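**Q** for reference, the sequence and a predicted model appear below.
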Amino acid sequence: MLNKKLRDFRKLLHINPEASCEEVKTRALIKEFLEDNTVNLEVHDRGAWLYGYKDEGADQTLLFRADFDAIEGEEGCYHGCGHDGHTAILAGLAIKLDQEKIGKNIVYLFQHAEENAEGAKECLDIFKERHIDYAFALHGHVGLEIGWAGVHEDLVCCASQGLLIQLRGIQSHASAPEEGLNPAYLMSELVLLLKPLADFRGFGPMEWNDRIYDGMIMATIVYQKLGEKSFGISPFKAELGLTIRAYHEDEMKILRQTIEEFIKNRAEELGLDYSLEDLDVFPETKNQAQLVKRVKKIWKDQGLNYVEREYPHRGSEDFGYISKEVPSCYFELGLGEGPPLHNLDFEFKDEALDAGINFFETLARADFI
C-alpha cells in the first residue's frame with residue numbers, strides 16, 4: 001500500500017516540475033501528502049521550504065534531507081536530477097516511522113533550490129532550532145545497481161560556482177574599429193587562457209598560469225555574447241559566463257581571484273570597463289570519515305549492499321552547506337542503467353524507492369552515541 005502511494009506521489013511530482021525558488025505547487029503537494037499520511041508528524045511550513053519533525057523528547061536528533069526543485073533547461077523545466085525520487089523516499093521514511101518510538105528525534109528536511117545552491121543555506125537556522133547532531137542525504141546514481149549504495153569517507157562533491165563577466169568598451173563604425181574599443185579581443189584572450197582548464201586530468205595536483213594547485217581545477221565556458229548582427233558596427237559590449245570548479249573549495253576561490261586579476265589588469269591596459277558577478281556558489285561537500293565508518297558498519301550488519309568510492313563527483317551539491325554544520329554523510333543510491341542525470345530522457349526509477357527508504361531507515365534506527 002505504501003509503495004503504491006509513494007510511486008503515485010513521485011509521479012505526481014514528476015509531472016509538476018518547478019525551477020529553483022519557484023517551487024510553490026511542489027511544496028504544497030509535499031505538505032498535503034505528509035499531513036494526509038501521518039498522525040504524529042509535526043509539519044512546519046517555512047515558506048520556501050518545509051520540514052517534518054518527529055519529536056520523542058530524546059537527547060539525540062538526526063536530520064534527513066531531500067531536495068525537491070527541478071531543472072530549468074533549454075526546453076523548459078523538468079525533473080532530470082531525480083529530486084522527485086529523493087522527496088518520495090524521505091516522505092516514505094517519515095510515514096514508515098510515524099507511529100513508532102525509535103529513541104531519537106528526527107527532522108525530515110524538504111529543501112528547495114538545490115540546483116542554484118540557494119536552498120540549503122536558507123535552511124541552516126534549523127540546526128540551532130532543533131539542535132541536530134548528524135545529517136544524512138542521498139542522491140540517485142545512474143550506473144550503480146538498484147539496491148546498492150555508494151559512499152566515500154572524505155570529499156564527495158567538488159566546489160563550483162558560476163561567474164558572469166561583463167566587458168564594456170566604445171562602439172564605432174565597422175570601417176573604423178580603431179576609433180572604438182571592442183571587447184572581443186580581451187574575451188578571446190580569456191577564453192584561450194582558460195582552455196587548458198577544460199580538460200579533466202584527474203583530481204591530483206596540477207599547474208596552471210604559473211601556479212601549482214593541490215587538487216583539480218576546471219573552467220567551463222557556458223555562455224558568450226558579443227555585439228549584434230549589425231555588420232556596420234564594431235561592438236562595445238560583451239558577456240562571458242563560466243563555471244569554475246575545484247577539488248578544494250579554497251582553491252576555487254584562488255582560481256576565481258586569478259581570473260578577476262587577469263581581467264582587471266588587461267581591461268585597464270585596454271581602457272575597458274568590466275564587472276564580475278558570482279552565481280550558483282556551491283561549497284565542497286565533505287563527509288565525516290568517522291561517521292561514514294559507522295554508517296558502513298550499520299549497513300553491513302543489516303545486510304545492505306554498498307560500495308566504497310575512491311574519488312568524489314566533479315559535480316556539486318549544496319548539501320555542502322549542511323555538512324559544514326554537523327557531522328554528515330551524503331551517499332549515492334543505485335538507479336541501475338539508463339539515461340544520465342540532467343538528460344531530458346532521465347527519470348527516477350520507482351524500483352529504487354524501497355532501497356532508498358531502507359538505507360535511511362537503518363540509520364534512523366541506529367545508535368550514534
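**A** On my side now, so go ahead. Numbering: from 1, shown residues only.

**Q** output the lowest mean pLDDT helix or strand found in this protein.
**A** Ranking every helix and strand in the chain by mean pLDDT, DSSP states H and E puts strand 71-73 at the bottom, with a mean of 93.

**Q** give the pairing partners of that strand; include direction for each.
**A** strand 76-78 (antiparallel) (DSSP bridges).

**Q** next, residue 6: secondary structure please.
**A** Classification of residue 6 using DSSP: H, G, I helix; E, B strand; the rest coil returns helix.

**Q** which ones are touching it?
**A** 88, 89, 91, 92, 350, 353 (CB atoms under 8 Å, 6 or more residues apart in numbering). Using the backbone N, CA and C atoms, a C-beta is placed for each residue, glycine as well.

**Q** now, the most widely separated pair of those?
**A** 91 and 350 (13.5 Å; CB to CB).

**Q** have a look at these two and say which one is more surrounded.
**A** residue 91 (27 against 16; other CB atoms under 10 Å).

**Q** let me know the helix or strand that the more buried one is in.
**A** helix 83-97 (DSSP states H and E).

**Q** after that helix, which helix or strand is next?
**A** Immediately after helix 83-97, counting by DSSP H and E, sits strand 105-111.

**Q** what does the next helix or strand after that next one contact?
**A** For strand 105-111, the succeeding helix or strand toward the C-terminus, using DSSP H and E, is helix 119-122. Here helix 119-122 makes contact (CB under 8 Å, 6+ apart) with 20, 48-49, 65, 67, 69, 111-114, 318-322.

**Q** care to break this protein down by domain?
**A** 2-157+284-365, 159-282 (automatic domain parsing).

**Q** what's around the closest residue to residue 338 other than its chain neighbours, how many residues?
**A** Nearest residue to residue 338 in three dimensions, chain neighbours excluded: residue 142, at 5.6 Å (CB to CB, 6 or more residues apart in numbering). Applying other CB under 10 Å, we find 17 other residues in the vicinity of residue 142.

**Q** show me the shaky parts of this structure.
**A** For the chain, the stretches flagged by pLDDT under 70 are 1, 369.

**Q** residue contacts, the residue nearest to residue 277 when sequence neighbours are not counted?
**A** The shortest distance from residue 277 to any non-neighbouring residue, by CB to CB, 6+ apart, is to residue 164 (4.3 Å). For residue 164, the contacting residues are 223, 239, 240, 241, 276, 277, 279, by CB under 8 Å, 6+ apart.

**Q** which of those tops the neighbour count?
**A** residue 240 (22 neighbours).

**Q** same list (the contacts of residue 164) but as a markdown table, adding secondary structure and distance to residue 304.
**A** A markdown table is the format used below for these (DSSP: H, G, I helix; E, B strand; the rest coil; distance: CB to CB, whole Å):
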| residue | secondary structure | distance to residue 304 |
| --- | --- | --- |
| 223 | strand | 43 |
| 239 | strand | 48 |
| 240 | strand | 46 |
| 241 | strand | 42 |
| 276 | strand | 46 |
| 277 | strand | 44 |
| 279 | strand | 38 |
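
**Q** would you check which pair of these lies furthest apart?
**A** Among those, 223 and 276 lie farthest apart (CB to CB), at 13.8 Å.

**Q** where along the stretch 251-369 of the chain do the helices fall?
**A** 289-301, 319-323, 353-365 (DSSP state H, counting those that start in this stretch).

**Q** nearest to residue 172, out of the ones you listed?
**A** Nearest of the helices of the stretch 251-369 of the chain (CB to CB): helix 319-323, 46.3 Å.

**Q** work out the gap between the closest one and the centre of the chain.
**A** 10 Å (CA atoms, centre = their mean, to the nearest Å).

**Q** try stretch 308-320
**A** Worked out by CA atoms, centre = their mean, stretch 308-320 lies 9 Å from the chain centre.

**Q** so which bits of it are buried?
**A** For stretch 308-320, the neighbour count (16 or more other CB atoms under 10 Å) marks 309, 312, 313, 316, 317, 318, 319, 320 as buried.

**Q** for these, which one is nearest residue 181?
**A** residue 316 (35.9 Å).

**Q** excluding chain neighbours, what is closest to that closest one?
**A** residue 282 (3.5 Å).

**Q** show me what contacts the one you found?
**A** Here residue 282 is in contact with 117, 157, 159, 160, 161, 316, 317, 318, 320 (CB under 8 Å, 6+ apart).

**Q** got a list of what the fifth one touches?
**A** Just to be clear, that refers to residue 161. Counting by CB under 8 Å, 6+ apart, the residues that residue 161 touches are 117, 243, 244, 245, 252, 256, 278, 279, 280, 281, 282.

**Q** next, the third one: phi, psi?
**A** Put plainly, it is residue 244. phi -110, psi 150 (degrees, to the nearest 10).

**Q** what residues are up against it?
**A** Residue 244 touches 160, 161, 163, 197, 217, 218, 219, 220, 252, 255, 256, 259, counting by CB under 8 Å, 6+ apart.
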